[in-house]
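> Fold the following for me, if possible:
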Amino acid sequence: MARPIRWAVLGLIARQARSASLPGAPSLTSRLLSVPRLFRGVVSGEYREVPAGRLLAMAVAVLYVLSPIDAFPEAVIPLLGFADDAVVIGWIAATLNRETEAFLGWERIGRNTVVSSVV
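Residues are numbered from 1 along each chain as shown. Modelled structure (predicted):
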């Protein structure tokens, strides 16, 4: 039962990686390297396009996936245990994809320009 969920997680990540590598889009490497700058820009108040609460939610989501404490433990309820992690990982990947693209555009155009991201 857990194997299809694992493939679903890999599929979600692969879809986000593909959309991040479209022609003209920032590379996956530049997106990952921009994450610390994105966090610093939001915390300092220089970049206001991402609410600080969303970054906090992303950090909590990463901790949730890495934590051995789970809402649905894999050992007790395997299907739900992997499914909840898959949903969280998918949300993290999609949010990082969207927010890093907007942030890199903001950096490229000029730091005083507002760049809206498509939700």
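> how deep is G110 tucked in, by neighbour count?
Residues near G110, counting by other C-beta atoms under 10 Å, number 8. To be clear about C-beta, it is placed using only N, CA and C from the backbone, and glycine gets the same treatment.
> repeat for Y64
Around Y64 there are 16 residues (other C-beta under 10 Å).
> in which helix or strand would I find it?
helix 52-66 (DSSP states H and E).
> Toward the C-terminus, what is the element adjacent to that helix?
helix 78-109.
> Any buried residues in that following helix, and which?
By 16 or more other C-beta atoms under 10 Å, the buried positions in helix 78-109 come out as 80-86, 88-90, 92-93, 95-104, 106-107.
> Summarise which helices and strands it is packed against.
helix 2-20, helix 28-44, helix 52-66 (3 or more C-beta pairs under 8 Å, 6 or more residues apart in numbering; DSSP states H and E).
> tell me the angle of the last one relative to helix 78-109?
So that's helix 52-66. For helix 52-66 against helix 78-109, the angle by axes from the mean of the first three to the mean of the last three C-alpha atoms, to 10 degrees is 140 degrees.
> still on that earlier bit, and the helices and strands packed on helix 78-109 as CSV, adding distance to E74?
As requested, these are exported to CSV (distance: least, C-beta to C-beta, whole Å):
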stretch, distance to E74
helix 2-20, 7
helix 28-44, 27
helix 52-66, 12
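> And the ones you listed: which comes nearest V76?
Of all these, helix 2-20 sits nearest to V76, with 12.6 Å by C-beta to C-beta.
> where's T95 relative to P26, distance?
15 Å (C-beta to C-beta, to the nearest Å).
> Also I77?
On the measure of C-beta to C-beta, I77 and P26 end up 38 Å apart.
> between those two, who's got more neighbours?
Set side by side, I77 and P26 show more neighbours around P26, with 21 against 14, by other C-beta under 10 Å.
> helix or strand for that one, which one?
Going by DSSP H and E, P26 is not in any helix or strand.
> G41 and L32, how far apart?
Distance from G41 to L32, by C-beta to C-beta: 16 Å.
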